[in-house]
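1. this one's sequence-less:
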């Protein structure tokens with residue numbers, strides 16, 4: 001693969017630590033890391049126009065391979081010029097493999113060395129088979145800047161034997177994805193699996209390093225039921241001590257502010273999660289006071305913005321806690337949209353502040369100050 005279109009340059013590291021600031025170059029623009037990627041599951045960040053997503057500070061967005069493969073289908077998106085034109089988002093895009101969504105079908109899934117067979121019960125009930133080669137063909141038709149290998153994501157808790165089998169399948173599929181993927185303007189990331197077993201994580205990583213020169217690595221199978229304390233027992237040493245220094249590291253599906261900052265301290269570069277928009281639609285917001293439930297009656301007469309220290313268009317635009325509570329309680333869609341916008345801005349701004357702290361050589365102090373603040377009560 002011609003990797004000239006892609007580059008990853010570390011520009012600063014935390015003295016004595018693992019946090020780092022970098023630039024990931026893609027065909028649709030450079031991405032400054034650490035970075036949070038808003039999730040546009042079905043080719044849209046729910047309720048928010050793409051121009052607004054950009055204005056909130058997003059550098060890259062994520063879309064979901066499973067959902068787009070079902071509706072409208074990869075051939076439709078390819079015929080319309082690819083996912084950038086289809087989404088009306090002309091910056092970098094990452095598409096996941098869809099594996100997490102496939103395996104969420106649970107009893108409707110059959111695994112084999114050849115691939116995965118599942119019933120699309122959330123669509124038309126059709127029986128679908130994906131081989132790693134099928135998955136790469138879909139990814140190439142969608143045309144995102146970054147795509148992910150097909151993998152099996154085991155939940156938590158799970159028997160070690162089940163997790164070990166998931167590592168074996170994911171490793172074999174990674175090799176086949178590497179061989180099948182041919183689009184030179186699209187980076188393929190491998191995915192490290194292994195549950196809460198560090199030795200299985202290292203086995204997964206070693207196989208990825210031996211079977212192909214992946215441009216970056218996803219870290220999958222976390223935030224699937226375990227506590228965050230349990231997660232960091234293996235995540236921290238995996239990233240800080242064992243993962244390649246010269247490639248981006250992407251922690252998949254994790255999105256609360258404190259966990260992002262702790263993961264940055266371990267050396268993670270990229271994140272995605274539906275949390276800021278999903279919780280926004282449920283009426284909650286990140287803030288310097290911790291997570292706020294705007295449904296709470298105490299906000300009924302509160303004419304302050306969501307977070308007085310926030311510069312997002314919602315907080316600076318005159319929308320009060322009282323109004324947003326009213327909208328949420330009355331199930332007016334604007335309430336969820338405003339909270340989603342605020343939450344996305346909040347995480348993107350936090351990433352900018354973290355990057356500046358790394359460049360200034362004060363990330364440890366930045367993290368300590370955060371952990372001692374009310375904002376850390378966010379989960």
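-> It's in. Because the structure is a prediction, the values reported are computed rather than measured.

2. got the contact list for residue 141?
-> When contacts are counted by CB atoms under 8 Å, 6 or more residues apart in numbering, residue 141 touches 74, 75, 77, 78. Every residue, glycine included, has its C-beta placed from N, CA and C.

3. before we move on, which element is the last one in?
-> Spelled out, that is residue 78. Using DSSP states H and E, residue 78 sits in helix 74-79.

4. Quick one: list the elements packing against the longest helix anywhere in the chain.
-> Taking DSSP state H as the criterion, the chain has its longest helix at helix 333-359. Judged by 3 or more CB pairs under 8 Å, 6 or more residues apart in numbering; DSSP states H and E, helix 333-359 is in contact with strand 7-13, strand 20-26, strand 35-38, helix 257-266, helix 275-281, strand 284-285, helix 321-329, helix 363-371.

5. tell me the most buried of the ones you listed?
-> Mean neighbours per residue, mean count of other CB atoms under 10 Å, is largest over those for strand 35-38, with a mean of 26.

6. Contacts for that one, please.
-> By CB under 8 Å, 6+ apart, the list of residues contacting strand 35-38 reads 45, 53, 56, 58-62, 94, 255, 260, 269-273, 276-277, 344, 347-348, 350-351.

7. List buried residues within the residues you listed.
-> Buried subset of the contacts of strand 35-38 (neighbour count, 16 or more other CB atoms under 10 Å): 45, 53, 56, 58-62, 94, 255, 260, 269-273, 276-277, 344, 347-348, 350-351.

8. next helix or strand past the least confident helix or strand in the chain by mean pLDDT?
-> One helix or strand of the chain scores below all others by mean pLDDT, DSSP states H and E: helix 99-103, with a mean of 85. Next along the chain after helix 99-103, taking DSSP H and E as the criterion, comes strand 109-112.

9. So which bits of the helix or strand following that following strand are buried?
-> Using DSSP H and E, the helix or strand that directly follows strand 109-112 along the chain is strand 115-119. Neighbour counts using 16+ other CB under 10 Å place 115, 116, 118, 119 of strand 115-119 among the buried residues.

10. Please verify my assumption that the second one contacts residue 108.
-> No: proximity of residue 116 to residue 108 does not meet the contact threshold set by CB atoms under 8 Å, at 10.6 Å.

11. what is in contact with those two at once?
-> Joint contacts of residue 116 and residue 108 (CB under 8 Å, 6+ apart) do not exist.

12. Would you format the contacts of residue 141 as TSV with neighbour count and distance to residue 126 included?
-> Shown next, in TSV, are the contacts of residue 141 (neighbours: other CB atoms under 10 Å; distance: CB to CB, whole Å):
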residue	neighbour count	distance to residue 126
74	19	15
75	11	16
77	23	19
78	16	20
